[in-house]
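**Q** Need a 3D model of the following:
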Amino acid sequence: MGTTVVFGGSGFIGTHLIRRLRAECDDPVVSADIRPQRETLAGVEYRIADVRDLSRFDVAGSVDRIYNLAAVHTTPGHPNHEYYETNILGALEVTRFAATREVGEIVFTSSIAVYGPGEETKSEDTPPAPESAYGHSKLIAERVHRQWQDESPGRRLVIVRPAVVFGAGEGGNFTRLATLLKKGVFVYPGRKDTIKACIHVDDLIDAVEFARSSPEDFVLFNAAYPQRYTLEQIVDTLIERHFPGAWTVMVPRAVVLWAARVLKPLSALKIGIHPDRVMKLVRSTDIQPDWLVAHGRDYPNAIERAFERWAEQSGGRFA
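**A** From the prediction side, this is the model:
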């Protein structure tokens, strides 16, 4: 067997993926990222590389498979041009490298941001309608990967659109939620019924590898639990099972909307307060994983089991 290359291997998902690859096989793995690795595992070659320019990047021996996880993804958080430069140039460079090295398989992590905002339920059949620079850049990157596949018969491509991914080392929305509950209180931002599509990082990787095992040459799927969990269900589960002393309070939605308007002038100061981040708190991400469900992946008691795993892997710190 040849080498597996993971672009973006130092990130949250990449770190968990490489850990899984090393646990399950002895084939060589190359992790390529603009940042140093979070951990160093035997059998992995760690390389500093910028996916915007891979002209000097190469790997010894044959390359069987590429995972393209590299992206600028925090929203808001970057000027618009950075999403396009990294996500689209990265797709072009990774697929150029794959074509040059005659790689037969790519897994690409896109995003549910390609669907755009809205309260309606969305599945893989929903036409993309991105509104953010991040969503637009990911949709274009998907098309770059599709073009790579179409250029030669026999190439295999998996495109996964993950919802919010959480777990040990995430450091994002779910970590912030757990941190507030550890402090004893969570403030609902105007509503409790916001649907938040989500998936634990281990279940995401399981889903990706399941899609890779499909006989289809092309698979595009949403990675999320099918239960359509609300913010209230997520918070209640954490309180009941892990933070029994925590309590919650509701801030009226009018106050949240007012705060978004007031904070708008402050967003340019880059002090971590942004109106778009405030508004994301009251918007649903109602994403259904129809492909996974149709193929028998139903995830019983998903959120309960996922939080238990997160607690175990983080030593109860939910970090």
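**Q** which stretches of this structure have low pLDDT?
**A** Scanning the chain for pLDDT under 70 picks out the ranges 73-78, 259-260, 263-280.
**Q** Break this structure down into its structural domains.
**A** Domain ranges of the chain: 3-162, 173-195+228-285, per automatic domain parsing.
**Q** Just put these in JSON lines and tack on distance to Leu292 and mean neighbour count.
**A** (C-beta placed from N, C-alpha, C; glycine too.) Shown next, in JSON lines, are the domains of the chain (distance: least, Cβ to Cβ, whole Å; neighbours: other Cβ atoms under 10 Å):
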{"stretch": "domain 3-162", "distance to Leu292": "10", "mean neighbour count": "18"}
{"stretch": "domain 173-195+228-285", "distance to Leu292": "14", "mean neighbour count": "15"}
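**Q** closest one to Gln313 among these?
**A** Counting by Cβ to Cβ, Gln313 lies closest to domain 3-162 out of these; the figure is 9.4 Å.
**Q** Quick check: Asp19 touching Thr40?
**A** Actually, residue 19 is Arg rather than Asp. No - in this structure, Arg19 is not within contact of Thr40 by Cβ atoms under 8 Å, at 11.3 Å.
**Q** Okay, and the beta partners of Pro189?
**A** Bridge pairing for Pro189 (DSSP bridges) gives the partners Val251.
**Q** Tell me the gap between stretch 15-30 and the middle of its chain.
**A** Per Cα atoms, centre = their mean, to the nearest Å, the displacement of stretch 15-30 from the mean C-alpha position of its chain is 19 Å.
**Q** ditto for stretch 57-66
**A** Chain-centre distance of stretch 57-66: 24 Å, with Cα atoms, centre = their mean.
**Q** Would you mind listing the outside residues contacting that stretch?
**A** With contacts defined as Cβ atoms under 8 Å, 6 or more residues apart in numbering, stretch 57-66 is touched by 1-7, 27-28, 30, 32, 47, 49, 94, 97-98, 101, 103-107.
**Q** Tell me how far Arg212 lies from Ile159.
**A** Distance of Arg212 to Ile159, computed by Cβ to Cβ, to the nearest Å: 12 Å.
**Q** Also Asp193?
**A** The gap separating Asp193 from Ile159 is 30 Å, by Cβ to Cβ.
**Q** if we can go back for a sec, give me the subset of the contacts of stretch 57-66 lying in helices.
**A** Among those, the members found in helices (DSSP state H) are 94, 97-98.
**Q** Which of those residues sits closest to Thr121?
**A** The closest of the ones in helices among the contacts of stretch 57-66 to Thr121 turns out to be Val94 (Cβ to Cβ; 31.8 Å).
**Q** What sits closest to that closest one if chain neighbours are left out?
**A** Asn68 (4.8 Å; Cβ to Cβ, 6 or more residues apart in numbering).
**Q** The one you found touches Phe108, doesn't it?
**A** Yes - in this structure, Asn68 is within contact of Phe108 by Cβ under 8 Å, at 4.7 Å.
**Q** what do the two both touch?
**A** Here Asn68 and Phe108 have 91, 145 as joint contacts, going by Cβ under 8 Å, 6+ apart.
**Q** Let's have the ones in helices among the contacts of stretch 57-66 in JSON lines, adding distance to Ile13.
**A** JSON lines is the format used below for the ones in helices among the contacts of stretch 57-66 (distance: Cβ to Cβ, whole Å):
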{"residue": "Val94", "distance to Ile13": "16"}
{"residue": "Phe97", "distance to Ile13": "20"}
{"residue": "Ala98", "distance to Ile13": "19"}
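**Q** For the chain, which segments count as strands?
**A** Assigned by DSSP state E, the chain shows strands spanning 3-7, 29-33, 44-48, 63-68, 105-109, 156-162, 164-166, 185-190, 198-200, 218-223, 247-252.
**Q** nearest to Phe318, of these?
**A** Nearest to Phe318, of the strands of the chain and by Cβ to Cβ, is strand 164-166 at 9.2 Å.
**Q** That closest one pairs with which strands, parallel or anti?
**A** Strand pairing for strand 164-166, determined by DSSP bridges: strand 198-200 (parallel).
**Q** ok, back up a step: shared neighbours of Arg212 and Ile159, anything?
**A** Val219.
**Q** burial of Ser314, as a residue count?
**A** Applying other Cβ atoms under 10 Å, we find 16 residues neighbouring Ser314.
**Q** Start at 866, not 1
**A** Right, with 866 as the first residue, what we last looked at is Ser1179.
**Q** what's the neighbour count on Phe1172?
**A** So Phe1172, with other Cβ under 10 Å, has 22 neighbours.
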